[in-house]
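give me a 3D structure for the following:
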Amino acid sequence: MRGGRLLPALTWTLLLGATLTWAAELTDVDPAPPAARSRDGAGPAASAAPGPGVRLPAARRPLPPSPPVRIAVPSLELGAPVVPRPLDASGAPGTPPAEMAGAVGWWQRGPAPGAAGPALLAGHLDTASGAAVFHRLGELRPGAEIRVHRSDGRAARFTVEDVWTLDRDRFDARLAYGPRRPGRAELRLVTCAGAWDEAARAYTANVVISAYLTGSDE
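Below you'll find the model as predicted:
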């Protein structure tokens, strides 16, 4: 992401605290995301929901926790290693360093992919030298499959349910990262989007992919 942070540090500081209390708040979360609002109001700028003829499968029971090791997105011809990352010193998400722009970072303080709750995987859109691992992430649409291979040998299969493009200055962390359905195993993929702001050294928006567990392979 050309050295820019994925999200403002304050957002991630608040998100860290929210994650530690998710278990107590599950029943208070609206099970469906609010409708997208325009750029004239707070909230997401745009969204993609299932189109005509797209039938989303039923959710599967969460798996026991196990760290992720690799992600595959067949429709994007994407396959990449996953590495655990903390928040960085500024409070921004710990995406892999620029020299590992082909890898995806897993926020290790949150749920593991396949376990109950929303697991967060973040990756770079690009670097100063070219495209990075999530440069096509915004092309995903509801119904697409995501596979996360885990250290227990299982491949957790997720189905994309919606795609959000969120303005950086109106970012809704609860919408982006809060659980959509209590008790489900969910996945969020996030990267930068919008225009590059040279003064801020950051992009003006983020793409957030929301998916949920629909199966697993041994």
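
quick check, pLDDT for the residue of the chain most remote from its centre.
Distance to the chain centre peaks in the chain at A199, reaching 25.9 Å (criterion: CA atoms, centre = their mean). We have a pLDDT of 84 for A199.

before we move on, which element is it in?
Using DSSP states H and E, A199 sits within no helix or strand.

mind starting the numbering at 233 from now?
From this message on, residue numbering opens at 233, which makes the last subject A431.

okay, and the beta partners of S442?
Per DSSP bridges, the residues bridged to S442 are D394, R420.

actually, G447.
R389.

how many residues are close by it?
15 (other CB atoms under 10 Å). Where C-beta positions appear, they are placed from N, C-alpha and C, glycine not excepted.

residue ranges in the protein under the pLDDT threshold?
233-284, 319-326 (pLDDT under 70).

strands along that one, start to end?
Along the chain, counting by DSSP state E, strands occupy 278-280, 300-305, 310-317, 336-339, 349-354, 358-359, 362-363, 377-382, 387-399, 417-429, 434-449.

list the contacts of the fifth one.
It stands for strand 349-354. The contact list for strand 349-354 (CB atoms under 8 Å, 6 or more residues apart in numbering) reads 238, 254, 300, 303, 314, 317, 325-327, 336-339, 342-345, 380, 409-412, 417-423.

repeat that for stretch 366-378.
So stretch 366-378 is contacted by 280-283, 286-288, 303-308, 310, 336, 355-358, 389-395, 397, 419, 421, 423, 425, 439, 441, 443 (CB under 8 Å, 6+ apart).

quick revisit: list phi and psi for the residue farthest from the centre of the chain.
Torsion angles at A431 (phi, psi; degrees, to the nearest 10) stand at phi -60, psi -40.

circling back to that earlier point, adding distance to R293, write the strands of the chain out as TSV.
Output for these, formatted as TSV (distance: least, CB to CB, whole Å):
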stretch	distance to R293
strand 278-280	27
strand 300-305	18
strand 310-317	22
strand 336-339	21
strand 349-354	13
strand 358-359	37
strand 362-363	37
strand 377-382	15
strand 387-399	12
strand 417-429	8
strand 434-449	8
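
for the closest residue to P300 other than its chain neighbours, what are its contacts?
In space, and not counting its chain neighbours, P300 is closest to V314: 4.3 Å by CB to CB, 6 or more residues apart in numbering. For V314, the contact set (CB under 8 Å, 6+ apart) comprises 300-303, 335-338, 353, 380.

same deal with V305?
Counting by CB under 8 Å, 6+ apart, V305 has contacts 311, 372, 376-379.
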